[in-house]
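> build the 3D model from these lines:
(2 chains)
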Number of protein chains: 2
Amino acid sequence: MATSEPRANGEEQDPNSANLRPPSSTYEYAWMHGCTRKLGMKICGFLQKNNSLEERARLAGQKNLLACDNGDGRDARFRRTETDFSNLFARDLLPAKNGEEPTLQFLLEVVDILTNYIKKTFDRSTKVLDFHHPHQLLEGMEGFNLELSDQPESLEQILVDCRDTLKYGIRTGHPRFFNQLSSGLDIIGLAGEWLTSTANTNMFTYEIAPVFVLMEQLTLKKMREMIGWPGGEGDGLFSPGGAISNMYSVMIARYKYFPEVKTKGMSAAPRLVLFTSEHSHYSIKKAGAALGFGTENVILLSTDERGRVIPADLEAKILDVKQKGYVPLFVNATAGSTVYGAFDPINEIADICEKYNLWLHVDGAWGGGLLMSRKHRHKLSGVERANSVTWNPHKMMGVPLQCSAILVREKGILAGCNSMCAGYLFQPDKQYDVTYDTGDKAIQCGRHVDIFKFWLMWKAKGTVGFEQHIDKCLDLSQYLYNKIKNREGYQMVFDGVPQHTNVCFWYIPPSLRGMPDGPDRQEKLHRVAPRIKAMMMESGTTMVGYQPQGKKVNFFRMVVSNPAVTQSDIDFLIDEIERLGHDL
Amino acid sequence: MATSEPRANGEEQDPNSANLRPPSSTYEYAWMHGCTRKLGMKICGFLQKNNSLEERARLAGQKNLLACDNGDGRDARFRRTETDFSNLFARDLLPAKNGEEPTLQFLLEVVDILTNYIKKTFDRSTKVLDFHHPHQLLEGMEGFNLELSDQPESLEQILVDCRDTLKYGIRTGHPRFFNQLSSGLDIIGLAGEWLTSTANTNMFTYEIAPVFVLMEQLTLKKMREMIGWPGGEGDGLFSPGGAISNMYSVMIARYKYFPEVKTKGMSAAPRLVLFTSEHSHYSIKKAGAALGFGTENVILLSTDERGRVIPADLEAKILDVKQKGYVPLFVNATAGSTVYGAFDPINEIADICEKYNLWLHVDGAWGGGLLMSRKHRHKLSGVERANSVTWNPHKMMGVPLQCSAILVREKGILAGCNSMCAGYLFQPDKQYDVTYDTGDKAIQCGRHVDIFKFWLMWKAKGTVGFEQHIDKCLDLSQYLYNKIKNREGYQMVFDGVPQHTNVCFWYIPPSLRGMPDGPDRQEKLHRVAPRIKAMMMESGTTMVGYQPQGKKVNFFRMVVSNPAVTQSDIDFLIDEIERLGHDL
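Now for the predicted structure:
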């Protein structure tokens, strides 16, 4: 049940900060331990003079306001009690009468927690994570209780919960977090998200999101220009992730060739077949299952040793399908595969799609960002021939999650495919130009505002800023590749300079180095990466992904998309793998 | 092209604040115009002492730091130049060397903008919106330029852009914004979103979101308990909105009865039919189109005068479909329809579903919140008999957008339906219990963290807090209903106390009051609501939705979900409708 007593003390016990060097001065300590909190006091001091006595009486929690100018940072964390959040509850915040002051103080306290977290995120002496098993967190860590109750908790407990949530989470912005395609913590993007959540609206209509709807329109046009569609013409939407964007592409392709499926269902069409690389993302297969094609009608294409689709295999499989009397509909070319970072040869695939009149989709969820780089965009050569493109700024471009675009060359087809023209949702007799309403193009009704953070980052960095970021990440990957390609104890999963930032490799512990290849060695090697990863997570020093692929046993997949990463972090990863894996 | 000169001055020209009373003291003025900005100065003062001379030289922008304790709030807004953001760029923020100080200052400046916005949102003398047509915003308002460029903008311009974005947006948390089912600005939920975006991770695996994954699991269990499923057992996910949640329900139902569709496609099943009310949300029809059923196989059920499904009509239509040789699969019962707020009789529908062995889904996107209220939960009586339920905390419960749950009674079926078991994404040989990984249950791959804000609000309010909120909103609707049901110039769209907070009515201007009913009056009446709405938006005083429904011409649909609303706001709405509509 609820209690107003805080159950954990948060910051000072934070095991994440165990490695932190001692503060070099009281001032730095103050930055770390509650400066904005103290300043919150200052603000409440301002307001205080304007409050009536009655109002002051209501604000039970505030004591010792004038102490907030005391420069002795070492005491700062003890001043938390100056604003006694243990007597304040959610009901005391706005829109409550006289809720302004507690609201401001509470939000500043939260911002204090967040800015401390941000600072530590970029501090290499802070751990990436403080690992616990599910049952440990469920049992309650130092009183961090995840259970919900009938009665409210005090704001003090809520603030403790916020600290604990971050404490037991993963620092995805840490310079040594390499685990996912999305990493980093962009400050402009973050500010954009804070604003987005404060605006708390949705992309449904121009009526309720005028600025965001226009930003989306202009940004999508800019992205289409970069793809190379004439005049940036076409259509698109931001969707909740690359899997949904890819699902859109399959839906639109089906609507283009068999529009009657919208009303009559799949039985109105012949047996339709989709093609995608064996290295492609599983979302194409998921779309095949969900949309009623069936996974058996998603044909996987063979790849070369680098994970790139072999065009001849595509053509052979199209012919095979046609021979069986089925109808080839859609080809997905991956621009930046999840594991190898491979770019399928789009131009050659486009030739085949034109020859057989198939829809060409390019899944650039991971690789689309390279269009921003004059040096690397040639890897997507031919993308302008695609009918649709998925491009996730939340991956290679460092935009906070979620930010994924589905871009379509033919204007109007997105609405044609999805519109239901529900008069009760979209009123054509509004006073503004309702062609700006986006809701009926989407499979969603409400749609989260994913555009603002991206638009703001683009404003703040310029296209050149994204380009520099991408070039730097690819340089770092090449640095890693050069470092390990001939290093003892390493074996590359494929030869040659990686196309994207993906570097795939096995670490071979000394005990396996002399062993002849064969099932026994393979079996042992398969267990190496998981064991190193487990130790990494338990020590909290770094995180990198591993997986098997086809017949290849577990290997590490290193990726770089975080602007905070430097060569020293790459060096650290290699040192850490060797430290943890040496005796396996 | 880019410029480092700010193009609009934001706050002091904000037309939204035109109605604001003059500040009653210099202190209040300071609150409104830059207090945290000044306090940011204070913080940089702290840091300054710790900086080397070299570091200080890098921080070009900072002047006059010691002035920040000056209590004269009237000068506060001019101190913006004390930190000269015009010489700072995104590249100067973390992870840049010495980026901590500009990062903190920039974020505090953003928080200053946001807290001012929050304060005004709850201030009834502030407008709900400052309406502009799309072409006006596209042409650039007082220099607010939406176009993106190659070169970076200064942080000063970025801050101006943030202010302008809010200035030309809609205050969805304003006590007089009644336009959508989602409204309000919950401070705890907002803090939760700020934290979520700072944590910047996704729900894919326990590995990268340990705390959030467990919070989701516990919260979904709690929701299932409230539905009434034994022991809260079952499954579920938070999805990107009610439309996607409803789509999940159709997919799962199909998988339950025809699992072979997953691999073989819709051709492996007979012709399948879905049933939903003619008043239901269009997402069932959209799901029918997307998933390959076809909209013709989504049969609309007739409703009574209150918009509730007539069970006998369902049974008749099931028999009709069976007679044609098709297979009835799925029934959606709406708990809280979009326009009327109608609750379909779940128990009677469940009887029929059991009789004919159909999947019963309850779309409680809008009405699900009433399960939190002992007084109103009887309206969903029978919901425990459903196979799946959609419930959007982002609607009636005031959680910030997006927060929608799909809840499923049968455990394991969600994974059965959607899993692809991609070894390269989900490694079974991880060191923790991988049954906590959620990714393969979803149609998404990355999935936004929608749980934390909701979990935090539940902690902060308790179940009782949500109950009070819901009871209050329903009381306010009844107040509106009682006020206008016999008032001259009003006509209710349906008789009787509304089941939900939806109150649907026509306002009849004096010029139409004596007119006999008929096509001419209907045509004139159809134009009344859009014209009043347009004037409302142009004057910016309030916003309320209108729409036609079936043969009924445009009428207003009032809804209340914002905790800031009081009886005086309901009175204001009625006064405003009469003021604007009197001479039509």
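
> which stretches of the stretch 301-450 of chain A form helices?
Taking DSSP state H, counting those that start in this stretch, the helices of the stretch 301-450 of chain A run over residues A:311-323, A:346-356, A:413-418.

> would you mind finding the most buried of those?
Of these, the one with the most neighbours on average (mean count of other Cβ atoms under 10 Å in any protein chain shown) is helix A:413-418, at a mean of 20. Placement of C-beta: from N, CA and C, glycine included.

> immediately after it, which helix or strand?
Later in the chain than helix A:413-418, the nearest helix or strand by DSSP states H and E is helix A:451-484.

> any idea how far that next one is from the middle of the chain?
With Cα atoms, centre = their mean, to the nearest Å as the basis, helix A:451-484 stands 15 Å off its chain's centre.

> after that helix comes which helix or strand?
Scanning forward in sequence from helix A:451-484 by DSSP H and E, the next helix or strand is strand A:490-492.

> what stretches of chain A score poorly on pLDDT?
Applying pLDDT under 70 to chain A flags residues A:1-82, A:423-425.

> switch to 90 and redo it
For chain A, the stretches flagged by pLDDT under 90 are A:1-83, A:140-143, A:421-429, A:439.

> how is it divided into domains?
Using automatic domain parsing, the domain ranges for chain A come out as A:10-171, A:459-581.

> picking up where we left off before, can you list the helices of the stretch 301-450 of chain A in CSV and add distance to chain B?
Output for the helices of the stretch 301-450 of chain A, formatted as CSV (distance: least, Cβ to the nearest Cβ, whole Å):
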stretch, distance to chain B
helix A:311-323, 14
helix A:346-356, 21
helix A:413-418, 7
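
> and the nearest residue to A:E578 once chain neighbours are set aside, how many residues sit next to it?
Nearest residue to A:E578, sequence neighbours excluded (Cβ to Cβ, 6 or more residues apart in numbering or on different chains): A:G489, at 7.0 Å. Neighbourhood size, A:G489 [other Cβ atoms under 10 Å in any protein chain shown]: 18.

> how about A:G489, phi and psi?
For A:G489, the backbone dihedrals are phi 90, psi 0 (criterion: degrees, to the nearest 10).

> tell me if I'm right that it and A:P509 touch.
Yes: counting by Cβ atoms under 8 Å, a contact exists between A:G489 and A:P509, whose distance comes to 7.3 Å.

> just say helix, strand or coil for the residue of chain A found nearest chain B.
Nearest to chain B in chain A, going by Cβ to the nearest Cβ, is A:G292, at a distance of 2.4 Å. What DSSP: H, G, I helix; E, B strand; the rest coil gives for A:G292 is coil.

> that one contacts A:M266, doesn't it?
Yes: assessed by Cβ under 8 Å, A:G292 is found in contact with A:M266 at 4.5 Å.

> so which bits of stretch A:380-397 are buried?
Neighbour-count burial for stretch A:380-397 flags A:380, A:382-397 (criterion: 16 or more other Cβ atoms under 10 Å in any protein chain shown).

> same check, this time on stretch A:247-263
Using 16+ other Cβ under 10 Å as the test for burial, stretch A:247-263 gives A:247-258, A:261-262.

> which helix or strand contains the closest residue to A:E278 other than its chain neighbours?
Excluding its sequence neighbours, the residue lying closest to A:E278 (Cβ to Cβ, 6+ apart) is A:L300, at 4.3 Å. According to DSSP H and E, A:L300 maps onto strand A:298-301.

> packing partners for that strand?
With contacts defined as 3 or more Cβ pairs under 8 Å, 6 or more residues apart in numbering or on different chains; DSSP states H and E, strand A:298-301 has these neighbours: strand A:272-277, helix A:283-290, helix A:311-323.

> to B:R447, which of these lies closest?
helix A:283-290 (12.2 Å; Cβ to Cβ).

> just want the angle from the closest one to helix B:283-290.
For helix A:283-290 against helix B:283-290, the angle by axes from the mean of the first three to the mean of the last three Cα atoms, to 10 degrees is 110 degrees.

> which other residues reach helix A:283-290?
Contact with helix A:283-290 is made by A:242-243, A:246-247, A:250-251, A:274, A:276, A:293-295, A:297-298, A:332, A:363, B:251, B:261-263, B:265, B:290-291, B:418, B:420, B:443, B:445, as judged by Cβ atoms under 8 Å, 6 or more residues apart in numbering or on different chains.

> for stretch A:303-315, same thing?
Under the criterion Cβ under 8 Å, 6+ apart, residues A:275, A:277-279, A:301-302, A:331, A:333-334, A:337, A:339-345, A:348-349, A:351-352, A:494-496, A:499 lie in contact with stretch A:303-315.
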